[in-house]
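Participant: Sequence and predicted structure, then a few things I'm wondering about:
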Amino acid sequence: MEIGWEAQDETTKSVERMIDFRWNIELDPKLFDASPPPGYTEITAPNDKESLAEIAMALQTYAQLSGGRYPPLDTYQVNAKFDPEAIRAEMLKMAGFSGPARPEWASDKKFLEIQEARPGLEWIAKILRNGTAAYQGSKVTPQDKDKPLLWWWNEEPAGYRVFYGDLHNQLLTASEAKGVIPPRPRIFDAPVEDPHP
């Protein structure tokens with residue numbers, strides 16, 4: 001059996017042919033396995049209050065340890081990556097926890113706060129894997145209450161979730177977000193000067 005058809009418009013002619021039909025053949029059940037492949041990561045952005053609070057707490061903890069700065073990264077820059085483990089290690093170092101882990105750290109309040117920042121840092125890294133998200137910690141501080149620090153496209157309810165410098169967050173419509181979220185720089189634009197040297 002052969003099935004075929006042709007279609008043509010002003011510029012293109014396409015020809016399709018299907019041959020070698022087979023019925024009732026055995027198929028490997030693995031073809032229908034919907035298990036995620038190795039290395040798969042769920043990157044659906046959070047919407048619940050608990051996850052949003054974890055993000056704010058992680059950033060607040062970093063700012064307290066660093067003297068009022070957020071992890072100095074701008075994901076609009078080429079090859080910028082938000083690495084939650086490297087940031088957590090930096091937080092530990094800023095708090096004086098260096099070298100191999102010591103048993104007495106397990107009861108230290110500051111050490112425990114840094115450990116509790118892990119879920120929030122991991123959320124930020126997951127969110128930033130999405131092409132409709134960005135983070136600008138190298139340009140925004142806790143004093144910049146009206147500047148967007150972190151934002152992403154939110155599916156349900158639809159809109160942009162925006163965290164500002166003072167870590168309050170809100171959901172904006174796409175048209176509201178245009179007036180708040182800075183546009184992505186064009187590929188050949190000169191890098192923007194860091195306002196906080």
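Facilitator: Alright, I've got the coordinates. Numbering: from 1, shown residues only.
Participant: Excluding chain neighbours, what is closest to the residue nearest the centre of the chain?
Facilitator: The chain has residue 128 as the residue nearest its centroid, 1.7 Å off, counting by CA atoms, centre = their mean. Spatial nearest neighbour of residue 128, excluding adjacent residues (CB to CB, 6 or more residues apart in numbering): residue 82 at 5.1 Å. (Glycine included, C-beta is placed from N, CA and C.)
Participant: repeat for residue 15
Facilitator: Nearest to residue 15 is residue 6, by CB to CB, 6+ apart, at 5.0 Å.
Participant: Poorly predicted segments of this protein, please.
Facilitator: Low-confidence segments of the chain (pLDDT under 70): 186-197.
Participant: which residue ranges form the helices in it?
Facilitator: Read by DSSP state H, the chain holds these helices, from start to end of the chain: 49-66, 84-94, 109-116, 118-127, 174-178.
Participant: quick revisit: surely the residue nearest to the centre of the chain is in contact with residue 137?
Facilitator: No. Look at residue 128 against residue 137 with CB atoms under 8 Å: they stay out of range, at 11.2 Å.
Participant: Quick check: the residue nearest to residue 128 touching residue 71?
Facilitator: Yes. Between residue 82 and residue 71 there is a contact at 7.1 Å, judged by CB under 8 Å.
Participant: before we move on, back to that, contact partners for the residue nearest to residue 128?
Facilitator: 71, 73, 75, 121, 124, 125, 128, 135 (CB atoms under 8 Å, 6 or more residues apart in numbering).
Participant: Which among those residues count as buried?
Facilitator: Buried by 16 or more other CB atoms under 10 Å: 71, 73, 75, 121, 124, 125, 128, 135, out of the contacts of residue 82.
Participant: can you tell me which two in those residues are farthest apart?
Facilitator: 75 and 121 (14.1 Å; CB to CB).
Participant: Let me see the contact set for the spatially closest residue to residue 157 that is not a sequence neighbour.
Facilitator: Leaving aside its chain neighbours, residue 157 sits nearest to residue 171 (6.5 Å; criterion: CB to CB, 6+ apart). When contacts are counted by CB under 8 Å, 6+ apart, residue 171 is found next to 154, 157, 159, 160, 161, 162.
Participant: Could you work out the most separated pair of the residues you listed?
Facilitator: Longest span within those, CB to CB: 157 and 162, 13.8 Å.
Participant: Neighbour count for these two, which is higher?
Facilitator: Neighbours per residue (other CB atoms under 10 Å) separate residue 157 from residue 162, with residue 162 holding more: 21 against 9.
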